[in-house]
Every structure is written in C-alpha cells, then in structure tokens.
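Asker: Could you work out the structure for the sequence below:
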Amino acid sequence: MGRSAVNGQLDLLLLASLGAGEAHGYALIARVHERSGARLELQEGSVYPALHKLEAAGWATSRWADDDAGRRRVYSLTPGGRTELERRRREWHGFASAVHGVLGAAQ
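Answerer: Numbering: from 1, shown residues only. The predicted structure is shown next:
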C-alpha cells in the first residue's frame, strides 16, 4: 500500500495498535507491520509526531520505562482513546463497505 494511503490512516493504525496493549514506538511500528501481513511499513519520522498528536488530543498517554534496551517512552490508550478508536473503526468499516460496493459494481 502506498505511503500516502498509510499516512491518511496513521492515527487509526496507531490507535488500533495501542488497543492491543501499551508499547513503545518501535514496537508499534513492528506491530502494524506484523498485523498487516508485512504490507504496511510505518516510518519512524511520521509515527512519533502522530503519537504526540494522539497524546495532545487526550487519546493516548505515555510514561518512561526501563528495559534491557534502555529507557523508552511507552504509550497506551486512554478511555477517550478507546472511544475514538471505536468511532474511527465504525467510520472505516463504513467507508470500506462503500468502496467495496463501488468496486464490485464495476465488474
């Protein structure tokens, strides 16, 4: 999938990935890659600004955590983030259904 399509849905992808549990930025990138069957590649340069945006909106929170690799910022969803994830998930499914209808009609 093209980079512009991914960037257009980056907030949704990050919210959904955080819905699977807290993680640091690199782990979120890996989670999206794995869950997409290696079809989506998130760029570090876009992920961290997007995470900061989710925090500013009140949809994610972060804390510093120490692990074997050192100190990392770990992100998690807030209750408002879970609500936003569900809203965007419904919106996405409606959009995908509409596109599928158009594509099916074109056959």
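Asker: Could you list which residues are in contact with the residue nearest the centre of the chain?
Answerer: Centrality entry for the chain: nearest residue to the mean C-alpha point is L14, 1.5 Å, by Cα atoms, centre = their mean. L14 sits next to 28, 32, 47, 50-51, 54, 60 when contact means Cβ atoms under 8 Å, 6 or more residues apart in numbering. C-beta coordinates here come from the backbone N, C-alpha and C atoms, glycine included.
Asker: what's the pLDDT at M1?
Answerer: At M1, the model reports a pLDDT of 51.
Asker: same question, A106
Answerer: 61.
Asker: longest helix anywhere in the chain?
Answerer: Longest helix of the chain, by residue count under DSSP state H: helix 79-105.
Asker: Which positions in that helix come out as buried?
Answerer: Neighbour-count burial for helix 79-105, counted by 16 or more other Cβ atoms under 10 Å, picks out 81, 84-85, 88.
Asker: That helix packs against which elements?
Answerer: If you count contacts as 3 or more Cβ pairs under 8 Å, 6 or more residues apart in numbering; DSSP states H and E, helix 79-105 packs onto helix 10-19.
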